[in-house]
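turn this into a model:
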Amino acid sequence: MEYSANVRTTGLALALPAAMTAQTFTAAMMFAPAVLAPAASADVGVPAAAVGVVTALIYFSAAMSAPGAGARVPRVGALRMTQIGLVLAGSGLALMVFAHPLAIVLAALVIGCGYGPSTPSGTALLAEHTPARLRNVIMSLRQTGVPLGGALAGFAIPWLIAIGGWRVAALACAAGCGVIALVLQPLRGKLDHPTAMAGAAPAGFVDALRLLKGHAELRRISLTAFLFGGVQLSFASILVVFLVERAQLSVVRAGAVLSAAMIAGMVGRLLWGAAADFFRSARGVLIGLGVTMGLCAVAMTQVNAQWPYTLIMLLAIVFGAVTLGWNGVYIAELARVAPPGKVAMATGASLFFAYGGAVVAPPVFALVLSQSGSYALGFALLAVLAAAGVASMLRGH
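Got it, this is the predicted structure:
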C-alpha cells in the first residue's frame with residue numbers, strides 16, 4: 001500500500017505540471033487569433049471584428065475533435081495525445097501567416113483540432129495518479145491553464161508584434177507549442193503505458209457518443225455542461241459591449257471589469273474544487289454554482305448607467321467566479337462517474353456538448369439582442385439556461 005501511494009504521488013508530481021503546461025499553451029493558441037486580429041486584419045482583408053467567427057470555428061472544431069481524441073487515448077497514450085494536440089494547435093496558428101481568408105478558416109479548424117484533445121488527454125493523465133480525496137482540486141488546478149493561456153497570449157503576443165510584426169508573433173507562439181511537445185517526450189515512458197494500450201480495441205467519435213448515450217449520469221452532466229458552457233461564453237463575449245452600451249462605461253473601464261471577472265473565474269476554479277473535495281459532493285457544488293449563475297444573470301438585467309462602478313464590478317466578479325469557474329469540478333465529476341478505463345472517452349464525448357453550448361448560445365444571444373434590442377431579455381435567457389442546468393443536476397442528485 002505504501003509503495004502504491006508513493007508511485008501515485010510520483011506520477012502526480014510529473015503528470016500535473018505536464019497537463020497544466022499543455023493546457024496553458026493550447027489555450028493560448030485558442031486566444032491568440034483575437035490578440036493578433038487588430039494587427040493582422042489589414043493584411044487579411046477582413047475587419048478585426050470578424051475574429052468572432054474564428055473563435056466560433058475553433059470551438060466547433062474542438063467539439064468535433066474531442067470525442068474521437070478521447071476515444072483514441074487508450075491506444076496512443078494520454079501524454080502522446082497531449083503532444084499531438086500541442087503540435088496541431090501550433091500548426092494551426094502558423095497557417096495564419098498566409099493572411100488569406102481561407103487560410104484563416106483552415107487555421108481556426110486546425111487550432112480547434114489541437115484544443116479539443118487537451119482536456120480528455122489531460123483528464124486521463126491525471127485520473128490515473130490523483131487520489132480520490134483530491135480529485136476535484138487537482139482537476140480544477142489543471143483547468144486554470146485555460147485562463148492562464150489567455151493571460152499568456154494577452155501578455156506575450158503584443159510584445160512579439162512590437163518586435164517583429166504579427167507574422168513573427170504567430171510563428172513564435174507556434175514554435176513554443178512544438179518546444180513544449182518535445183520537452184514532454186522524456187515523460188512518456190513514465191506516464192504512458194504502450195504495452196497495455198497496444199491491445200485496446202480501436203474506437204472513435206461514434207463509440208464515444210455511444211458511451212454517453214448508454215450512461216445516464218454522463219448524459220445529465222453533459223447536458224448541464226452544454227447549458228453552463230453557453231452561459232459562460234455568452235457572458236465572456238458580450239460583457240464589454242454590454243457595459244459600454246448599457247452602463248455607458250468607457251472601453252477601458254469595461255475592459256477592467258472583464259479582466260476582474262476572468263481573474264475571479266481562475267480563483268473560483270480552485271475554490272470550487274476545494275469545496276467539492278471538502279464536502280465530498282461535486283454535484284452539490286455544481287448545483288450551487290448554477291443557482292448563483294442564474295441569480296447573477298437576473299441581476300444583470302437590471303444594470304444601467306445609474307449603477308455605481310463598484311457595484312457593477314462586484315456583480316461581474318461574482319458572475320465570473322461561478323460562470324467561468326465551474327469547469328474543473330465538472331471535469332472531476334466526469335472522471336468519477338466514467339466507467340473504469342474510459343475516462344478520456346467519456347470526457348471527450350461530454351466536451352462535444354460542452355463546446356457545443358459555447359458555439360450555439362452566443363449567436364442565439366446575439367439574435368435575441370438584434371430582434372428585441374434588449375440586453376435584459378438576453379440575460380434572462382442565460383438565467384433560463386442556468387436554471388435548466390441545475391434541473392439536470394437535481395434529477396440525479
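
ok, residue 243 touching residue 315?
No: if you go by C-beta atoms under 8 Å, residue 243 and residue 315 don't touch, sitting 10.6 Å apart. C-beta here means a position set from N, CA and C on the backbone, and glycine is covered the same way.

which residues are in contact with both of those two?
By C-beta atoms under 8 Å, 6 or more residues apart in numbering, residue 243 and residue 315 have these common neighbours: residue 303.

neighbour-wise, which of the two wins?
Set residue 243 next to residue 315 and count neighbours by other C-beta atoms under 10 Å: residue 243 wins out with 25 against 18.

excluding its backbone neighbours, what's nearest that one?
Using C-beta to C-beta, 6 or more residues apart in numbering and skipping the chain neighbours, the partner closest in space to residue 243 is residue 254 (3.9 Å).

count of neighbours near that neighbour?
21.

which SSE is immediately downstream of the strand or helix carrying it?
Per DSSP states H and E, residue 254 falls inside helix 251-279. For helix 251-279, the succeeding helix or strand toward the C-terminus, using DSSP H and E, is helix 282-300.

tell me the buried residues in that following helix?
By 16 or more other C-beta atoms under 10 Å, the buried positions in helix 282-300 come out as 282-283, 285-290, 292-298, 300.

list the contacts for the residue nearest to residue 245 when sequence neighbours are not counted?
Nearest non-adjacent residue to residue 245, counting by C-beta to C-beta, 6+ apart: residue 375, 7.6 Å away. By C-beta under 8 Å, 6+ apart, the contact set of residue 375 is 242, 245-246, 300-301, 369.

low-confidence stretches in the stretch 101-250 of the chain?
Where the stretch 101-250 of the chain drops to pLDDT under 70, the residues are 193-204.

for residue 33, give me its contacts.
51, 54-55, 58, 93, 96, 104, 107-108, 111.

now swap in residue 145 and tell me
Per C-beta under 8 Å, 6+ apart, neighbours of residue 145: 19-24, 27.

return the member of the residues you listed nearest to residue 47.
For the contacts of residue 145, the closest approach to residue 47 (C-beta to C-beta) belongs to residue 27, at 24.8 Å.

and the spatially closest residue to that closest one that is not a sequence neighbour, how far from residue 63?
Nearest non-adjacent residue to residue 27, counting by C-beta to C-beta, 6+ apart: residue 149, 2.7 Å away. Separation of residue 149 from residue 63 (C-beta to C-beta, to the nearest Å): 18 Å.

please apply the same query to residue 374.
For residue 374, the distance to residue 63 - C-beta to C-beta - is 29 Å.

quick one: pLDDT of residue 9?
With respect to pLDDT, residue 9 scores 59.

remind me, longest helix of the protein?
helix 2-44 (DSSP state H).

residues near the closest residue to residue 107 other than its chain neighbours, how many?
Excluding the flanking residues, the one nearest residue 107 by C-beta to C-beta, 6+ apart is residue 95, at 3.9 Å. Residue 95: 19 surrounding residues under other C-beta under 10 Å.

between helix 2-44 and the host helix or strand of residue 95, find me the angle.
Element membership for residue 95, per DSSP H and E: helix 78-95. Helix 78-95 runs at 10 degrees relative to helix 2-44, counting by axes from the mean of the first three to the mean of the last three C-alpha atoms, to 10 degrees.

with just CA atoms, put helix 78-95 into CSV.
The C-alpha coordinates for helix 78-95 follow below in CSV (Å, rounded to 0.1, in the frame of the first residue of the first chain):
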residue,chain,number,x,y,z
ALA,A,78,-2.7,10.3,-22.8
LEU,A,79,0.7,12.1,-23.0
ARG,A,80,1.1,11.2,-26.7
MET,A,81,-2.4,12.6,-27.4
THR,A,82,-1.4,15.7,-25.4
GLN,A,83,1.7,16.2,-27.6
ILE,A,84,-0.5,15.7,-30.8
GLY,A,85,-2.8,18.4,-29.5
LEU,A,86,0.1,20.8,-29.0
VAL,A,87,1.5,20.2,-32.4
LEU,A,88,-1.9,20.7,-34.1
ALA,A,89,-2.7,23.9,-32.2
GLY,A,90,0.7,25.4,-33.0
SER,A,91,0.4,24.3,-36.7
GLY,A,92,-3.0,25.9,-36.9
LEU,A,93,-1.7,29.3,-35.7
ALA,A,94,1.3,29.1,-38.1
LEU,A,95,-1.2,28.7,-41.0
